[in-house]
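In: have a look; sequence and predicted model below, questions after that.
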Amino acid sequence: MTPTNRTKCRCPSCGAEQVWQDECRRCRTDLRELRLLNENSLLLEQKLTDALDIGDYRQAVRYAQKLEQIDPVLLNEVLRQLSLSLDFGKNSANTL
Ligand SMILES: [Zn+2]
């Protein structure tokens, strides 16, 4: 599974989209906390996918729970990618 690439952010004050930086280019809002939160989310995502890759599902659930607390949108994306990567076969819906 490929980790999410979040190279841009949207300023919560003015809505300007930009690359991650410590300050909004338009309104000068301090974005450091958001940037750190994004970095922590991506780190948790990486740890979650690594745990899944080696079959450590108990640890993967722990990382997923932490990720849900700080970034539920990213967790939803990880789960969506995971479901797409699973091969259930073409007729699996008929067998449920
Ligand atoms: Zn701004």
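Out: That came through fine.
In: CA atoms for contacts and neighbours, from now on please.
Out: OK.
In: and residue 9, how far from residue 83?
Out: Distance, residue 9 to residue 83, using Cα to Cα, to the nearest Å: 26 Å.
In: of all the residues in stretch 58-70, which ones are buried?
Out: If you call a residue buried by 16 or more other Cα atoms under 10 Å, then stretch 58-70 has these buried ones: 60, 63, 64, 65, 66, 67.
In: which SS state does the last one fall under?
Out: In three-state terms, and counting by DSSP: H, G, I helix; E, B strand; the rest coil, residue 67 is helix.
In: which residues does it contact?
Out: Residue 67 makes contact with 41, 44, 45, 74, 75 under the criterion Cα atoms under 8 Å, 6 or more residues apart in numbering.
In: ok, the nearest residue to residue 23 once chain neighbours are set aside - contacts?
Out: Leaving out its chain neighbours, the residue that sits closest to residue 23 by Cα to Cα, 6 or more residues apart in numbering is residue 30, at 4.7 Å. By Cα under 8 Å, 6+ apart, residue 30 lies in contact with 22, 23, 24.
In: how about residue 41?
Out: Listed by Cα under 8 Å, 6+ apart, the contact set of residue 41 reads 67, 70, 71, 74.
In: okay, the first one: pLDDT?
Out: Read that as residue 67. The confidence metric pLDDT takes the value 95 at residue 67.
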